[in-house]
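> Quick one: sequence and predicted model below, then my questions.
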Amino acid sequence: MTAAQWIGGLLVLAGIPFLLLGTLGLLRFPDVYPRLHALAKSDNVGLGLVCIGLGVQSGSLTLLLKLVLIWVLMLIASATAAGLIARTALARGLRPWGT
Amino acid sequence: MVYLSLTGVLFVLGLHGLFTARNLLRRLLSLNILTTSVFLLFVVMARLAEPLDNVPHAIVLTGIVITVSTTAVALALVVRIAGRMREEDVGAAADTRGDVE
Amino acid sequence: MTELYPAVAVLLLINIVVGMVRILRGPTAADRMLAAEMFATSAVVIVLLMAFGTDNLTLIDVALIFALLAALASVTFVSRAWSAMTRSRAAPECLDDEGEGKP
Amino acid sequence: MIPETAGPVILFSLPLAAAITVFIRPRWSVPVTLGASGVLLAAAVWVVGVVLQQGAWRHDIGGWTAPLGIGWNVDGLSAALLLLTAAVGLAGAVFHASRPAPLATVRDPRFFWPLWLFLWGGLNALFLAADLFNVYVALELVSIASVGLIGLAGGSAQAAAWRYLLATLLGSTIYLFGVALLYGRYAALDLALLTDGVERDGVTAVAAALMTLGLLLKAAVFPLHFWLPAAHGRAPPAVSAVLSAVVIAAGYYLLVRLWFGPFAPLLGTGVATLLGLLGAAAVLWGGLLALLQRRLKMLIAYSTVSQFGYGLLVFPLAAAGAAHPAWTGAVTLVLAHGLAKAALFLAAGAIVLRHGIDRLEALGGDQRGATLAWVAFAIASASLVGLPPTGGFLGKWWLAQAALATGGYFWLAILMVGTGFTAAYLWRALQAAVRPGREAGIDPATLSAALGLAALSLALSAAALGLAAPVLGVLLDAGPGAPG
Amino acid sequence: MGVAGVIFDVLLALALTWLAWQATRAADLFHAVVSFIVFGLLMALAWVRLEAPDIALAEAAIGAGATGALLLSALDRLASRERRRRLLYEPGAAWGFWIPAGGALLGALTLAAWKLPAPGLGNEVRAALGVSGVEHPVTAVLLNFRALDTLLEIGVLLLAAITIWSLGRAPSPLIPAMPSPALPALGRLLFPVFVLVAAYLLWRGSHAPGGAFPAGAVLGAGAILMLLAGARPWIRSSERGPWRWILSLGLVMLLAAGIAGTLAGQAFFEYPPGTAGPLILLLEVAAGLSIALLLFALYLRGEPCEHGYRGKGR
C-alpha cells in the first residue's frame, strides 16, 4: 500500500465520527436551532474529510475535483438551508431553547 | 435475496395504504410505493440473471418517467379538488377564473 | 483500507436508521427536514464508499446528483411548504393574495 | 414501402402527429381532427381488408426480432378493434365538433382535441402492440388521456376523474407486477414467444392472477366496477362514448389476448367458471342497477357494467370445449356493444342537450331537434337487446350455440335473464320519449343535425354488423389469437 | 461485500419498509411526505446495491428530486385541508381487512417464486450491442431495441403536461412571508452547475450510465430551483410563442425517426445502417430537453400565463 492510500484511508476514517456526531446532535439537542448548528458543522466537516480522503486515495486529479465539487455543493445546500430554516423558524415564532 | 422479500412487503404496504387511507395525497403516496415495488421486482430479476440483464433497467427507467407523469397529473387534480372544497367551505360560490362549468 | 469501507457503509446506514427517530418524533416540520438533509449527506458518503469499495467509479455521478438535489429539496421546503403553511395559519386573507400575478 | 406496413404506421403515428399539431395550433383543431379521423377510418378499413385477404402479420419495430425488440401484431381481433376505435372516434369527433359552442366549458375548445387524439393514439398503440410492457405504456397513455377528458367537464367530474385515475393506475400497476414475474420466469415480453414457452407452474399462475386482476379492474368487471358509473356518467357525451365503447373493451381485449394466448394452458374449469360467475354477477347486478337509475347517462353507464359481463362468459364456454363459437360470439358482442353503446351515449348527449337535464322523467314532451337522436337510441337499443338481425343478436346467437353445444344451460339462462334486464331498462329510457314533459331546454334550431346523425350512423353500423356475419367470421378467424 | 453487504441489505430493507409504513400511515401529512422523500433517497441506495446505476441516477434526480419538489409544493395547498378529510370519499374500513389478507397471500406466493430461473436477456443485448450505435447497453435498449416504448413514454409526459394545463391556470405560488435575499443568489449560483451536470450526463450516456433521462431530470430540477429562488415561470402557453413547439420537440423527433424508417423502405424505427450512433445522439438531446421542460411544466400544476405576468413578482 502506498502512502497516499494510507493517508486517504485515514482521512476517510477520520471523517466518519463527525457524521455520527451530527446525528447525535440531531437526536440529543433540545430544539431546532442547536440541531441546525450541529448538522451544519459536523456533517460538512465529515463529508469534506471523506471527499478529500477518497480523492487522495484515488490519486487522480479529475476525481479529486469531482469529489470537491460534491463537497462544495453540499456545503452550499446545507448553508442555505440552515440559514433559511433558522430565519423562517424565527419568523414563525419558534423560541430558541432557554430564552 | 433480501430485496425479493422487500418487493412483497412493499407491495402489501402499498395496497394496504391505498385501500385504508382516506386522504387523497396519502393514497397517491401508497400508489407510488406500490409502483416502486414493481420496479424493484424487475431490477431483482435483472440482478439474478446471468449475465446482468440490462433490459429491465431500461424498462424501469421508462416506468419511472411514466410514474412521475401520473403523479403530477394526480397531484394537480388533488389540488384542484381540495381548492374547490375550500371555496365551497368559505362560501365563495363564483369561480373568478371562469375555468369550470 | 478499502476493505473497511463496507463496514463503514453499514455504520452510516445505522446512523441513518437511528436518525429516523427524529423524523418520527418531529416535533416541527423543520426538524424532519433537517433529518432528511442529514440522510442526504450520509447517503452521499455511502455511495462514495461503495464507488471506491467496488471500484465502480460511475457511482460518483450518483453522489453528485444527490448533492445537487439536496439543495432543491430544502429550498422547496423553506420557500413553499413551510412558509406557506405559516401564512395560511396566521393570515387567512392569503386567499386574496393568490390573485396576485395572474393575467 | 411494403404496403401492409403502411396501415399500422398510419394508425400509430397519425393520431399522435395530429395531437401535437392541434396542441401547437388550437385554432386548426376541428379541421385537423376531422381530417385525421377520416384518414384513420380509411386506414383501419384498409387494414381489415388486408387481414381478410392475406391473414395476420407481424411487424418488427426497428428490425429487431422478438426477445429483444418490440413487435406489432395485426390479426383479425386487433384489426376489428382498430376499426371500432376509428368508427367511434370519427363519430365522437363529429358530435363534439357540432355541439353548440356556448355550452362548452371554458377550457374545452383548446384542450379537448389534443386529449382526444392522444386517447386515440394510445388505443391504436395498444391494439397493435405485441409486447406486454409496450401494452403497459399504451395503457397509461389511455388512462391519462381519459382522466383529462373526464376532468374537462369541471366541477364534480374532477372528483370522478380522480377516482378513475386511482382505479386505473392501480389496475395497471398490478398488471405490471404480473409482467415482471413473467419476464423473470421466461425472459420474454412478447406475446407470441410467451405463448410458445409458457409452462404450468406457480410463478406463471401468480402472474396470470395478477394480470387478470389488474385488467378486470380496468375493464370494470363486477365487483371492481365501482369507479365506472360516475366517470362515464359525468364526462362529456363523446368522451363517455369512447370510454364505454373502446377503453373498457381494451381491458377486455387484453384479457382475451392473454387467456387465449400465453395463459391458455392455465385455463382450467375452475378459473374459467370463476371468471364466468363474475361475468354473470356483472350481467345481473349491472342490469338491476341500470333499471333503478333515474338519470339517462347513468343508466347507460351501468348498462356497460352489465354488457361486459357477457364477454366473460367466453371463458367457461371455451373451457368446456366450445372455444370457437364462444370466442367469435363474445368478440362480436363486444364489437356490437361498442358501436351500440357509443351510439346510445351520443344520442343521450343530444337528447340531454335538447332538454337541458338528464333526469328520465324530464325527457318527454316536444322532441323537435332530438328526433334523430331518439331513432338512433331505438336502433342501438335493439342491437344491445339482441333483436335480429343486429350485431348484438349475432353475438348472442353464437354464444347461445356454444352454451347449447356444451350443455352450459346455466350460462344460457344468464344470457336470457340479462337480455330481459337489458330490454327492461332500455324500454324505460325509450318510454321517457313519448311521455308529456316539461317544456324547457334550448331552442331546437340551435342543435345541429350532425349530432343525431353521428349517433345514427353508429347505431346503423351496430345493426349492420349482424348482416356482415360471414365477413366477421372470416376476419375473427384470422390470426394466432383465434382458437381453432 | 460479504457479511457487511448482507447486513447492509437487511438494514436497508428494514429502513425502507419502515419508511413506506410511515409514508402511508403517518398522522401528519408533512411527516408522510418527508418519509416518502427519504424513501426515494434510500431506494437509490438499493438500486446501487442491485447494480443498476442508471436507475439510481434517475431515482436520485426524478424520484427524490422532482417528485419531492412536486409533493412538497402541493402541501401548501393541501395542508389546511387535513382537518376536513372526512369529506373525502368513501370509508375504506371493509376493504381494510380483505386487501391486506389478499396481499399477505400474495407476498407468500412471491416468496414461493424465490428461486426463479431468471434467464434474462443479457447475452442477447450484448450480442446486438455492436450494431446498436452506442456502447452503453441501457441506452441501446432505450433508444434502439425498445425505442417504441421511449416514444410512447415521451408521449405520456407531453400528454400529462397537456392534461394538467386542461385542468386550469397555474396557481400563482404563495410568496414566503419572509423573502430571503440569499435565495436568488443561490439560484444564480447553482443553475449553471445544473446545466453543466446535465450536459455531462448526456454526453456520458452513449458509453456509461447517464443519458437523456437523468440529464433531462437534472435540468428540469434546475429550472424548478430557479423558480423557487424567485424567478418567474418563463414558459408561456401562447399559441404564437415557441413554447408549444419546444415542449413537443421530443415526441416530434422520435415520431419522425420512426416514420423515416418506414419511408426509407425499412421497418418502423429502423435506423439506416451506420447512422444509428449520430441519430441516437440527436434523439437523446431532443428527448433530454423535452424531459427537462416537461418536468418543469408538470411542476407548474396548470397552464402557465399566455403573455407574461403583471405585478411586481420577485
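Looks like it arrived, so ask away.
> what about residue 6, helix or strand, and which?
Going with chain A. helix A:3-28 (DSSP states H and E).
> looking at chain D here, not the other one
Here D:Ala6 is assigned to helix D:3-24, by DSSP H and E.
> near chain B at all, that helix?
No: Helix D:3-24 lies out of reach of chain B by CB under 8 Å from any CB of the partner chain, never closer than 15.3 Å. The C-beta positions use only the backbone N, C-alpha and C, and glycine is treated the same way.
> List the buried residues in the next helix or strand after that helix.
Counting by DSSP H and E, the next helix or strand C-terminal to helix D:3-24 is helix D:29-54. Neighbour-count burial for helix D:29-54 flags D:29-30, D:32-33, D:36-37, D:40-41, D:43-48, D:50-51 (criterion: 16 or more other CB atoms under 10 Å in any protein chain shown).
> Nearest to D:Leu83, out of those: which one, please.
Nearest to D:Leu83, judged by CB to CB, of the buried residues of helix D:29-54 is D:Ala44 at 4.4 Å.
> Number of residues surrounding the closest residue to chain A within the stretch 51-200 of chain D?
Of all residues in the stretch 51-200 of chain D, D:Trp162 sits closest to chain A, at 31.9 Å by CB to the nearest CB. Applying other CB atoms under 10 Å in any protein chain shown, we find 26 residues neighbouring D:Trp162.
> got the contact list for residue 17?
All of this refers to chain A. A:Gly46 (CB atoms under 8 Å, 6 or more residues apart in numbering or on different chains).
> hmm, I had chain B in mind actually
B:Arg26, B:Arg27, B:Leu29, B:Ser30, B:Ile33, E:Ala23, E:Thr24, E:Arg25.
> Quick check on the residues you listed: which are buried?
Buried among those by 16+ other CB under 10 Å: B:Arg26, B:Arg27, B:Leu29, B:Ser30, B:Ile33, E:Ala23, E:Thr24, E:Arg25.
> if I read this right, the first one contacts E:Val33, doesn't it?
It stands for B:Arg26. No: the pair B:Arg26 / E:Val33 is not scored as a contact, 9.5 Å apart, by CB atoms under 8 Å.
> So the residue of the stretch 51-200 of chain D closest to chain A: helix, strand or coil?
helix (DSSP: H, G, I helix; E, B strand; the rest coil).
> is it true that it touches B:Leu24?
Yes: checked against CB under 8 Å, the pair D:Trp162 and B:Leu24 is within contact range at 7.0 Å.
> list the residues that contact both of the two?
B:Val78, B:Ile81.
> The spatially most central residue of chain B: which element?
Nearest residue to the geometric centre of chain B (CA atoms, centre = their mean): B:Asn32, 2.8 Å. Assigned by DSSP H and E, B:Asn32 belongs to helix B:24-48.
> How about D:Ser156: what's its closest non-neighbour residue?
Spatial nearest neighbour of D:Ser156, excluding adjacent residues (CB to CB, 6 or more residues apart in numbering or on different chains): D:Arg234 at 6.3 Å.
> Then E:Arg236?
Per CB to CB, 6+ apart, closest to E:Arg236 is E:Trp243, 5.4 Å.
> From E:Leu294, how far out is the one you found?
Distance of E:Trp243 to E:Leu294, given as CB to CB, to the nearest Å: 11 Å.
> which of those two has more neighbours?
E:Leu294 (30 against 18).
> residues touching the more buried one, list them.
E:Leu157, E:Leu158, E:Ala160, E:Ala161, E:Gly220, E:Leu247, E:Gly250.
> which SS state does the residue lying closest to D:Val137 once chain neighbours are set aside fall under?
Ranked by CB to CB, 6+ apart and with sequence neighbours excluded, the top spatial neighbour of D:Val137 is E:Leu152, at 4.3 Å. Here E:Leu152 is recorded as helix under three-state DSSP.
> I appreciate the help and will end here.
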